[in-house]
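[1] A predicted structure for the sequence below; I have some questions about it.
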Amino acid sequence: MKFENNKKLNSKFTHDILQDVYDAVPAVMKLLAPNGWEGSSFHQELMACRQLFYNDYRNEDTNQNNDQEGNSIPSEYGPQPENEMSMEEYLYITFPPLHNNYLELFYILSCILLEITFVSNLYRPHVSGFYYFDEIDFEDLVIQVAHENRQIDKDWAEVMVFAFPPPYLDEMEVHHCLEVLFSILKQHGFELDYYHNELLGIAELQRLHEDLLFRDLDAAEKEKQRQQVKTDILDILYDYDRTPIDPLDFTAIIALFNRRAVCPLVLAYLHVYHEFPTGYPYQLTDYLF
C-alpha cells in the first residue's frame with residue numbers, strides 16, 4: 001500500500017514550517033483566547049497538568065522518606081524536606097516552560113501539526129514521495145525554534161523535553177488551528193494524502209480472517225478465532241452505524257465511512273485548499289493489501 005513507503009520530512013522543511021507556526025501564534029491566540037491566555041481553559045489545563053507532575057514528585061519524595069524511616073536509615077543520609085525542589089525548579093527542563101504564554105500556544109499548535117501526519121502523508125505535486133514528521137526530530141526542532149526566537153536560552157534548550165499532553169480543544173478550536181496550519185503547509189507547497197486508521201485496521205482484520213482459514217488449527221478453534229475477528233470489526237463499525245452490516249464487505253464499509261466518518265482535518269483542509277485531500281472520499285483501492 002502507498003502508506004508503507006513514506007519517509008521522514010527533512011529537518012530544513014520541518015524547521016521552516018515550524019518557524020511559520022511560531023509567527024502565527026498571535027493571530028491564533030486572538031481566536032482561541034480573546035479574553036486573555038491566562039484565563040483560558042488551555043492555560044488552566046496545562047497548569048493543572050504541571051501541578052499533577054509536581055505533586056507526583058512530592059509524593060514520591062515523601063514515600064522515599066517514609067521508607068527510609070522504616071529501614072532505620074539515619075535522617076542525615078536521606079533527602080531533607082528543606083531541600084525539596086520548588087515547582088519551578090522541578091519543571092525547569094519541561095517544554096513549554098512556566099510563565100511563557102507564547103510558547104504554550106506554540107506547543108499546542110506544534111502538537112496538532114505533528115498529529116496531521118499520524119493520519120496522512122505530506123506530498124508535493126509533481127515530486128515523488130510521501131512524507132511524515134518524525135516525532136523525535138520534530139520535538140527537538142520545536143525547542144530549537146523557541147531558542148532562535150529568544151524565548152529560551154541555549155543551555156536551557158539543550159536539555160528541555162516535551163512532557164505534557166496538549167490540552168483539550170473543542171471541534172471549532174481545532175478547526176481554527178488546522179486552518180492556520182494548512183495555510184502554512186500550502187505556502188510551502190505541500191498537499192495531503194489522507195487515510196483513515198480504522199479503515200486500515202479493518203482491512204488488516206479482514207486479511208487475518210482469511211489467513212486463519214489456512215492455519216493449522218482444529219475446526220472449532222479456527223471458527224472461534226475467525227468469529228472473534230468479525231466481532232472486532234463490528235465493534236469498530238458500531239460507533240458509526242448500529243444497523244446490521246457484513247463485517248467482511250469492505251466495499252460497504254468504505255461507503256459507510258464516507259457517509260459517517262468526516263474528519264475535522266478534512267473539513268479544515270477543504271476550507272484552505274478548496275478541494276478534498278487525496279484519499280478522501282475513501283477509495284477501496286487505497287486500502288487493499
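    Received the coordinates, thanks. Numbers count the residues shown, from 1 in each chain.
[2] can we go C-alpha only for contacts and neighbour counts from here?
    Will do.
[3] ranges for the strands of the stretch 51-200 of the chain?
    Here the stretch 51-200 of the chain has its strands, by DSSP state E, counting those that start in this stretch, at 94-95, 120-123, 131-132, 161-162, 191-194.
[4] For the second one, list the C-alpha coordinates in CSV.
    By that I understand strand 120-123. Written as CSV, here are the backbone C-alpha positions of strand 120-123 (Å, rounded to 0.1, in the frame of the first residue of the first chain):
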residue,chain,number,x,y,z
SER,A,120,-1.9,11.3,6.5
ASN,A,121,1.2,11.9,4.5
LEU,A,122,2.5,15.1,3.0
TYR,A,123,3.5,15.3,-0.6
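[5] Low-confidence ranges, this protein, go.
    Within the chain, the segments meeting pLDDT under 70 span 1-4, 61-82, 289.
[6] quick revisit: with distance to residue 236 and mean neighbour count as extra columns, can I get the strands of the stretch 51-200 of the chain in JSON lines?
    Output for the strands of the stretch 51-200 of the chain, formatted as JSON lines (distance: least, CA to CA, whole Å; neighbours: other CA atoms under 10 Å):
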{"stretch": "strand 94-95", "distance to residue 236": "35", "mean neighbour count": "20"}
{"stretch": "strand 120-123", "distance to residue 236": "20", "mean neighbour count": "23"}
{"stretch": "strand 131-132", "distance to residue 236": "26", "mean neighbour count": "21"}
{"stretch": "strand 161-162", "distance to residue 236": "32", "mean neighbour count": "16"}
{"stretch": "strand 191-194", "distance to residue 236": "19", "mean neighbour count": "22"}
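[7] Quick one, which of those gets closest to residue 22.
    strand 94-95 (14.5 Å; CA to CA).
[8] Parallel or antiparallel, which strands does that closest one pair with?
    strand 161-162 (parallel) (DSSP bridges).
[9] What ranges does the protein have for its helices?
    Using DSSP state H, the helices found in the chain span residues 11-23, 25-32, 41-70, 87-90, 101-116, 135-148, 154-159, 171-187, 197-212, 219-237, 250-260, 264-273.
[10] any chance of these in JSON lines, with distance to residue 279 too?
    Shown next, in JSON lines, are the helices of the chain (distance: least, CA to CA, whole Å):
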{"stretch": "helix 11-23", "distance to residue 279": "23"}
{"stretch": "helix 25-32", "distance to residue 279": "28"}
{"stretch": "helix 41-70", "distance to residue 279": "32"}
{"stretch": "helix 87-90", "distance to residue 279": "45"}
{"stretch": "helix 101-116", "distance to residue 279": "14"}
{"stretch": "helix 135-148", "distance to residue 279": "23"}
{"stretch": "helix 154-159", "distance to residue 279": "38"}
{"stretch": "helix 171-187", "distance to residue 279": "16"}
{"stretch": "helix 197-212", "distance to residue 279": "12"}
{"stretch": "helix 219-237", "distance to residue 279": "20"}
{"stretch": "helix 250-260", "distance to residue 279": "11"}
{"stretch": "helix 264-273", "distance to residue 279": "10"}
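[11] These: which one's closest to residue 281?
    helix 250-260 (6.0 Å).
[12] what's the distance between residue 250 and residue 155?
    54 Å (CA to CA, to the nearest Å).
[13] Give me the more crowded residue out of those two.
    Neighbour totals were compared for residue 250 and residue 155, and residue 250 leads with 17 against 9 (other CA atoms under 10 Å).
[14] Any figure for the gap between residue 149 and residue 29?
    18 Å.
[15] Looking at the two, which one has more neighbours?
    The residue with more neighbours, out of residue 149 and residue 29, is residue 29; 18 against 13, by other CA under 10 Å.
[16] can you pull the contacts of the more buried one?
    Contact partners of residue 29, counting by CA atoms under 8 Å, 6 or more residues apart in numbering, are 37, 105.
[17] Equivalent analysis for the one 4 residues further on, please.
    Counting by CA under 8 Å, 6+ apart, residue 33 touches 39, 40.
[18] and residue 33, backbone torsions?
    The phi and psi values for residue 33, taken as degrees, to the nearest 10, are phi -140, psi 70.
[19] ditto for residue 195
    phi -140, psi 170.
[20] State the distance from it to residue 266.
    10 Å.
[21] So the two - more neighbours on which side?
    residue 195 (23 against 19).
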